[in-house]
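Chemist: Got a predicted model here, sequence first, then my questions.
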Amino acid sequence: MKFSTIVESMEKLKNKGLIRRHIYLDKLKGYMNKPIIKVLTGMRRVGKSSIMRMMINDLIESGINSSNILYINKESLEFDDIKDYKDLYQYTLKHFKKIDGKKYLFIDEIQEIKQWEKAVASFLADDFADIVVSGSNSKLLSSEFATLLSGRYIEIQVHPLSFKEFLMFREETLNSKPDIEKEFSNFLRYGGLPGIHRLSLTDEFVFEYLNSVLNTVLYKDIITRYEVRDIEIFDSIVKYLFDNIGNIISAKRISDYFKSQRIKVSVDTILNYIRYIESGMLIERVKRYNIKGKRHLEFNDKIFLNDIGIRNGLLGYKEKDINGILENIVYKELRTKGYKVDIGVIDGAEIDFVAQKQNDLKYIQVCYLLMDAKTVNREFGNLEKIKDNYEKIVVSMDKFFPEDRNGIKHKYILDFLLE
């Protein structure tokens with residue numbers, strides 16, 4: 001199959017027990033030693049800390065003295081005394097006081113330091129050090145930081161493992177070539193957080209780990225930070241969003257659902273809670289886009305999860321949800337590859353994904369199986385309504401479906417994920 005040679009040629013490197021994620025390391029390296037702040041963003045446990053440690057190791061291997069590198073990890077009690085920007089500024093100055101030469105400053109989970117952007121802006125203005133920071137809050141680059149450092153930072157979004165990366169981790173764990181289709185079943189069930197590869201891939205171990213990650217995000221990053229009062233309603237909204245991946249979502253629709261359960265909750269409260277959940281980087285809202293009118297529609301976004309495994313850990317893996325799970329996986333693959341993604345609308349028909357990156361535009365339909373003429377006509381027919389010459393693809397679990405219809409390609413999902 002097409003994917004076999006790809007997997008055989010995957011490059012791996014053991015680095016203190018870590019596997020290199022080239023898509024992020026190569027980008028980060030390209031900005032090192034430049035007068036620009038490097039900001040790694042992503043939900044907790046996607047691997048930002050590991051990428052930082054690998055970058056530090058690469059610097060040391062290139063000849064940089066380890067004393068010229070300061071790594072502050074705000075998840076470690078060692079740095080608990082660094083509470084705000086003044087503490088950060090003084091700690092960093094003291095550490096580098098007698099150090100000559102180029103300095104490198106890495107700060108992990110920087111959102112835990114109050115008004116951190118003031119210290120970082122000062123370091124940059126004084127050309128004090130090459131700076132790399134990470135954060136797990138989508139608001140990290142908003143407000144004052146963006147104002148202080150407009151045009152002087154680059155954001156590198158770190159996503160959970162793609163399926164190709166998942167196979168690399170499994171090969172390292174198994175110490176042999178993985179069974180690709182078996183591992184895809186694991187990927188559908190357990191998702192792409194790197195930490196699961198330290199565990200036996202069973203529901204008992206993995207779901208317990210994923211639920212602990214979810215609880216950390218919910219209670220530390222959201223409920224405490226935003227002072228959420230009605231935790232029961234908040235938890236219900238989380239479950240509702242997780243249970244409706246790939247479906248049209250609106251605050252009114254959620255409100256109506258709660259009314260049907262005889263639970264009273266205002267639309268404003270629902271909107272606020274969705275924003276909080278989004279800020280914790282558990283979900284991404286995807287807007288609907290009128291392909292003919294070339295404009296975004298104002299209402300009815302779709303929700304996709306940053307990691308499908310966390311959803312399955314909370315709700316359990318359900319075979320009946322396979323269409324939504326596959327959509328979520330294709331969406332994350334496109335985001336990992338750097339595409340901006342919208343939901344397309346044309347002549348009353350919906351296109352699952354309109355993906356654009358620079359001059360590259362493609363339209364994608366996702367389904368489980370093209371099992372009958374009605375399904376085939378729907379999936380291909382929606383794409384046939386689009387009259388431009390950009391790439392159009394139907395992605396499904398069918399291995400041997402004809403490769404195209406009227407110029408619209410069909411791709412087996414494993415080929416799509418590993419090309």
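Modeler: Perfect, thanks for sending it.

Chemist: In space, what's closest to the residue nearest the centre of the chain - neighbours in sequence excluded?
Modeler: By CA atoms, centre = their mean, the mean C-alpha position of the chain lies nearest to residue 159, the distance being 3.3 Å. Distance criterion CB to CB, 6 or more residues apart in numbering; nearest residue to residue 159, sequence neighbours excluded, is residue 336 at 4.6 Å. Placement of C-beta: from N, CA and C, glycine included.

Chemist: So what's the residue count around the one you found?
Modeler: Applying other CB atoms under 10 Å, we find 21 residues neighbouring residue 336.

Chemist: just the one 3 residues further on next, same as before
Modeler: Neighbourhood size, residue 339 [other CB under 10 Å]: 20.

Chemist: I am assuming it contacts residue 356, so please confirm or correct that.
Modeler: Yes: with contact defined as CB atoms under 8 Å, residue 339 counts as touching residue 356 (6.3 Å).

Chemist: follow-up on the earlier one: and the residue nearest to residue 159, how close does it get to residue 365?
Modeler: Plainly put, residue 336 is 19 Å away from residue 365 if you go by CB to CB, to the nearest Å.

Chemist: I'd like the average pLDDT over stretch 51-68.
Modeler: For stretch 51-68, the mean per-residue pLDDT is 96.

Chemist: Could I get the buried residue list for it?
Modeler: Residues of stretch 51-68 classed as buried under the neighbour-count rule (16 or more other CB atoms under 10 Å) are 51, 52, 53, 54, 55, 56, 58, 59, 64, 68.

Chemist: ranges for the helices of the stretch 101-250 of the chain?
Modeler: 116-125, 143-148, 163-174, 180-190, 203-216, 231-242 (DSSP state H, counting those that start in this stretch).

Chemist: looking at the ones you listed, which has the lowest confidence?
Modeler: Ranked by mean pLDDT, the helices of the stretch 101-250 of the chain bottom out at helix 143-148, which scores a mean of 67.

Chemist: Excluding chain neighbours, what is closest to residue 406?
Modeler: Leaving out its chain neighbours, the residue that sits closest to residue 406 by CB to CB, 6+ apart is residue 384, at 6.1 Å.

Chemist: Let me know how buried the one you found is, in neighbour terms.
Modeler: Look at residue 384: counted by other CB under 10 Å, it has 14 neighbours.

Chemist: Now do it against residue 185, distance only.
Modeler: Taken as CB to CB, the span from residue 384 to residue 185 is 32 Å.

Chemist: Kindly report the same for residue 270.
Modeler: Taking CB to CB as the measure, residue 270 falls 35 Å from residue 185.

Chemist: Pretty sure residue 270 sits against residue 254.
Modeler: Yes: shown here, residue 270 and residue 254 form a contact pair, counting by CB under 8 Å, at 5.1 Å.

Chemist: tell me, what's touching the two both at once?
Modeler: With contacts defined as CB atoms under 8 Å, 6 or more residues apart in numbering, the residues shared by residue 270 and residue 254 are residue 237.

Chemist: Would you map the strands across the stretch 251-400 of the chain?
Modeler: 283-286, 288-290, 295-296, 301-305, 340-346, 349-357, 360-366, 391-396 (DSSP state E, counting those that start in this stretch).

Chemist: Let me have the ones you listed in TSV, extended by mean neighbour count, mean pLDDT and distance to residue 233.
Modeler: As requested, the strands of the stretch 251-400 of the chain are exported to TSV (neighbours: other CB atoms under 10 Å; pLDDT from 0 to 100; distance: least, CB to CB, whole Å):
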stretch	mean neighbour count	mean pLDDT	distance to residue 233
strand 283-286	19	95	17
strand 288-290	17	89	27
strand 295-296	11	83	29
strand 301-305	23	94	17
strand 340-346	20	95	27
strand 349-357	20	96	30
strand 360-366	20	97	32
strand 391-396	21	98	36
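
Chemist: Looking at those, spot the one closest to residue 181.
Modeler: With CB to CB, the closest approach to residue 181 among these belongs to strand 391-396: 14.6 Å.

Chemist: distance between the closest one and the chain's centre?
Modeler: Centroid separation for strand 391-396 versus its chain: 22 Å, with CA atoms, centre = their mean, to the nearest Å.

Chemist: right, and the helix or strand after that strand?
Modeler: Helices and strands here follow DSSP states H and E; after strand 391-396, the next one along the chain is strand 404-405.

Chemist: Against which helices or strands is the next helix or strand after that following strand packed?
Modeler: Sequence-wise, the next helix or strand downstream of strand 404-405 (DSSP H and E) is strand 408-412. Counting contacts by 3 or more CB pairs under 8 Å, 6 or more residues apart in numbering; DSSP states H and E, strand 408-412 is packed against helix 373-384, strand 391-396.

Chemist: so which of those gets nearest residue 329?
Modeler: Using CB to CB, those put strand 391-396 closest to residue 329, at 9.6 Å.

Chemist: strands paired with the closest one, and their directions?
Modeler: In the sheet, strand 391-396 lines up against strand 360-366 (parallel), strand 408-412 (parallel) (DSSP bridges).

Chemist: Between the ones you listed, which one is closest to residue 282.
Modeler: That would be strand 360-366 among the strands paired with strand 391-396, by CB to CB, at 21.3 Å.

Chemist: Could you check which helix or strand contains the residue lying farthest from the centre of the chain?
Modeler: Using CA atoms, centre = their mean, the residue of the chain lying farthest from its centre is residue 98. It sits 39.5 Å away. Assessed by DSSP H and E, residue 98 sits outside every helix and strand.

Chemist: Fine, thanks again, bye for now.
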